[in-house]
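Undergrad: following is a predicted model, sequence given first.
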Amino acid sequence: MSVTRTKVKDLLKAQPGQEVLAKGWVRTKRGNKGIAFIALNDGSTINNIQIVVDKTQFAEDLLAKITTGACIGVTGNLVESMGSGQAVEIQATEIELYGECDPMRFPIQKKDITFEYLRTVAHMRMRTNTFGAVLRIRSHMANAIHQYFHGKGFVYLNTPLITASDCEGAGQMFQVTTLDLNDIPKNKKGAVDFSQDFFGKQTSLTVSGQLEGELGATALGEIYTFGPTFRAENSNTPRHLAEFWMIEPEMAFYDIKDNMDLAEDFIKSLVKYALENCYDDIKFLNDKYDDTLLDRLNSVIGTEFVRLPYTEGIKILEEAIANGTTFEYPVAWGVDLQSEHERYLVEKHFGKPVILTDYPKDIKAFYMKQNEDGKTVRAMDVLFPKIGEIIGGSEREASLEKLETRIDELQMSRKNLEWYIDTRRFGSCPHSGFGLGFERLLLFVTGMSNIRDVIPFPRTPKNAEY
């Protein structure tokens, strides 16, 4: 009777005394003249299972081909382990070699290698313990997001990736076209004739699904989106990607306080889920890279976030400067806070996450609800230790008159926004929403320091490999 393959994560919890089949990739091979010890991993867990090989029972040429990176299948007896570090191990009776791995050419060697180098071989870096851990956590977090919103009765809405509108008004968008770039058609005014393009108009990859999400909220009540977004921003920083994933809930009848309550509960729930379902991977990252990671994650769950008006935050930063703190970027009312300012408030001043509210309207998007003072809007940014802003959101402007006035003030083209303005013309309602950058969340949960290392294939300026 043939033996069915069991994943390594299940083998490590199984009772000894049975015949098993494990398949995976060799992490290491060591031993002496008589016995070889193979550490086998199949990606299901951060932990390897040890294979004990009696060399007298196997052909020398087969054993010689079992090198780091090789793919094998091992049938054998699951027994109690005599060594430390694992409860069980496999005494091999059969070994099948699926794929050899030339140790001289394999780009992922046992020795410590830098994250910078691994980005140059991103097609192989998933084989390392670190990136296996990160990508398992990423998968669990995606599942946790869907579970959270479905548990609250939200509708999962798919918003378009190709759009003719610019949600943020920044214009940093990737254009989508089928026009021949070597022979671009022009109209009578000498401008590009987009009427000949696939969609008959100028289109781009989306920077956010929010505007379409608002359509869903004003029909279905509470929705969320979860998908890729694109920013053609020439930012080579550890916190920016050109292609990243966003979670954007939009809720009818939520004011700014409801919005903040949801954001705080949401992120606490995700961190709690991570600790309950990804503990082995998080502990590995904690022990190898950042021994404060577990404490930081636990501290978020058990603390109430500070809610702080932007104006008060500026005063705190100005006082810090007066007392000798130096910042690279200036601080004054009306400036958009930089990561260093956000982290000072979170890490130095309060020692806990902060929700910053009531920003100057001139540094925020057109759709945010204006406060009575005429100077600020009901925006909210959730600021986290080591990250800075992790969530950005607001109560949305429900007044047709105020929304139209703001669009005109910013000299935005209304041509592609009439459909959005209709939500204020026909049955407008108070509503709010926010966006959570998935990779920013993963930076926090994994303790990684560069956003390029929490996504399988990073897209950054001058880099679009694979």
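TA: Alright, I've got the coordinates.
Undergrad: C-alpha from now on. contacts and neighbour counts both.
TA: Fine.
Undergrad: low-confidence stretches in this protein?
TA: 1, 110, 166-171 (pLDDT under 70).
Undergrad: and the longest strand belonging to it, what's buried?
TA: Determined from DSSP state E, the single longest strand within the chain is strand 18-31. Buried positions in strand 18-31, judged by neighbour count with 16 or more other C-alpha atoms under 10 Å: 19, 20, 21, 22, 23, 24, 25, 26, 27, 28, 29.
Undergrad: okay if I get these as JSON lines plus distance to residue 144?
TA: As requested, the buried residues of strand 18-31 are arranged in JSON lines below (distance: C-alpha to C-alpha, whole Å):
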{"residue": "19", "distance to residue 144": "35"}
{"residue": "20", "distance to residue 144": "32"}
{"residue": "21", "distance to residue 144": "31"}
{"residue": "22", "distance to residue 144": "29"}
{"residue": "23", "distance to residue 144": "28"}
{"residue": "24", "distance to residue 144": "27"}
{"residue": "25", "distance to residue 144": "29"}
{"residue": "26", "distance to residue 144": "31"}
{"residue": "27", "distance to residue 144": "30"}
{"residue": "28", "distance to residue 144": "33"}
{"residue": "29", "distance to residue 144": "37"}
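Undergrad: from these, which is closest to residue 75?
TA: residue 21 (4.4 Å; C-alpha to C-alpha).
Undergrad: for the longest strand of the chain, packing partners?
TA: If you count contacts as 3 or more C-alpha pairs under 8 Å, 6 or more residues apart in numbering; DSSP states H and E, strand 18-31 packs onto strand 35-41, strand 71-80.
Undergrad: out of the ones you listed, flag the one nearest residue 260.
TA: strand 35-41 (42.1 Å).
Undergrad: beyond that closest one, next helix or strand please.
TA: Counting by DSSP states H and E, the next helix or strand C-terminal to strand 35-41 is strand 49-54.
Undergrad: quick one: strands adjacent to that next one?
TA: Paired neighbours of strand 49-54 in the sheet (DSSP bridges): strand 35-41 (antiparallel), strand 88-99 (parallel).
Undergrad: that older thread, residue 222: which of the helices and strands packed on strand 18-31 is closest?
TA: Proximity to residue 222 (C-alpha to C-alpha) singles out strand 35-41 among the helices and strands packed on strand 18-31, at 42.0 Å.
Undergrad: take the helices and strands packed on strand 18-31 and lay them out in JSON lines including distance to residue 273 and mean neighbour count.
TA: Shown next, in JSON lines, are these (distance: least, C-alpha to C-alpha, whole Å; neighbours: other C-alpha atoms under 10 Å):
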{"stretch": "strand 35-41", "distance to residue 273": "24", "mean neighbour count": "21"}
{"stretch": "strand 71-80", "distance to residue 273": "32", "mean neighbour count": "20"}
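Undergrad: so which of these comes closest to residue 382?
TA: Comparing the helices and strands packed on strand 18-31 by C-alpha to C-alpha, strand 35-41 comes nearest, at 38.0 Å.
Undergrad: who touches that closest one?
TA: Contact with strand 35-41 is made by 8, 23-31, 47-55, as judged by C-alpha atoms under 8 Å, 6 or more residues apart in numbering.
Undergrad: now the strands for the stretch 301-450 of the chain?
TA: Taking DSSP state E, counting those that start in this stretch to define them, one finds strands in the stretch 301-450 of the chain at 306-309, 354-360, 376-384, 388-395, 431-437.
Undergrad: and those: which comes nearest residue 105?
TA: Using C-alpha to C-alpha, the strands of the stretch 301-450 of the chain put strand 431-437 closest to residue 105, at 36.8 Å.
Undergrad: how far does that closest one sit from its chain's centre?
TA: Using C-alpha atoms, centre = their mean, to the nearest Å, the distance from the centre of strand 431-437 to the centre of the chain it belongs to is 15 Å.
Undergrad: which ones are touching residue 275?
TA: 282, 297.
Undergrad: and the angle for the helix or strand encompassing it with strand 354-360?
TA: Residue 275 is part of helix 256-277, with elements assigned from DSSP H and E. Put simply, helix 256-277 runs at 150 degrees to strand 354-360, going by axes from the mean of the first three to the mean of the last three C-alpha atoms, to 10 degrees.
Undergrad: do I have it right that residue 243 meets residue 231?
TA: Yes. Checked against C-alpha atoms under 8 Å, the pair residue 243 and residue 231 is within contact range at 6.6 Å.
Undergrad: give me the distance between residue 22 and residue 405.
TA: 66 Å (C-alpha to C-alpha, to the nearest Å).
Undergrad: oh, that last question was meant for residue 15, not what I typed.
TA: For residue 15, the distance to residue 405 - C-alpha to C-alpha - is 70 Å.
Undergrad: where do the helices sit along the protein?
TA: Applying DSSP state H to the chain gives helices spanning 8-11, 60-65, 115-120, 129-151, 210-220, 256-277, 279-288, 293-301, 310-322, 339-343, 400-409, 418-425, 438-446.
Undergrad: let me know which of the ones you listed is the nearest to residue 195.
TA: Across the helices of the chain, residue 195 has its closest neighbour in helix 418-425 (19.7 Å, C-alpha to C-alpha).
Undergrad: and the angle from the closest one to helix 210-220?
TA: 40 degrees.
Undergrad: and the strands in the stretch 101-250 of the chain, which stretches?
TA: For the stretch 101-250 of the chain, the strands defined by DSSP E, counting those that start in this stretch cover 155-156, 162-163, 175-176, 203-205, 222-230, 243-252.
Undergrad: adding mean neighbour count, write those strands out as TSV.
TA: Shown next, in TSV, are the strands of the stretch 101-250 of the chain (neighbours: other C-alpha atoms under 10 Å):
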stretch	mean neighbour count
strand 155-156	18
strand 162-163	18
strand 175-176	15
strand 203-205	20
strand 222-230	23
strand 243-252	24
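Undergrad: what would those strands look like in CSV with distance to residue 330?
TA: Below are those laid out as CSV (distance: least, C-alpha to C-alpha, whole Å):
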stretch, distance to residue 330
strand 155-156, 41
strand 162-163, 36
strand 175-176, 34
strand 203-205, 33
strand 222-230, 29
strand 243-252, 29
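Undergrad: which residues does the closest residue to residue 452 other than its chain neighbours contact?
TA: Nearest non-adjacent residue to residue 452, counting by C-alpha to C-alpha, 6 or more residues apart in numbering: residue 458, 5.3 Å away. Going by C-alpha under 8 Å, 6+ apart, residue 458 touches 241, 243, 452, 464.
Undergrad: nice, that's everything, thank you.
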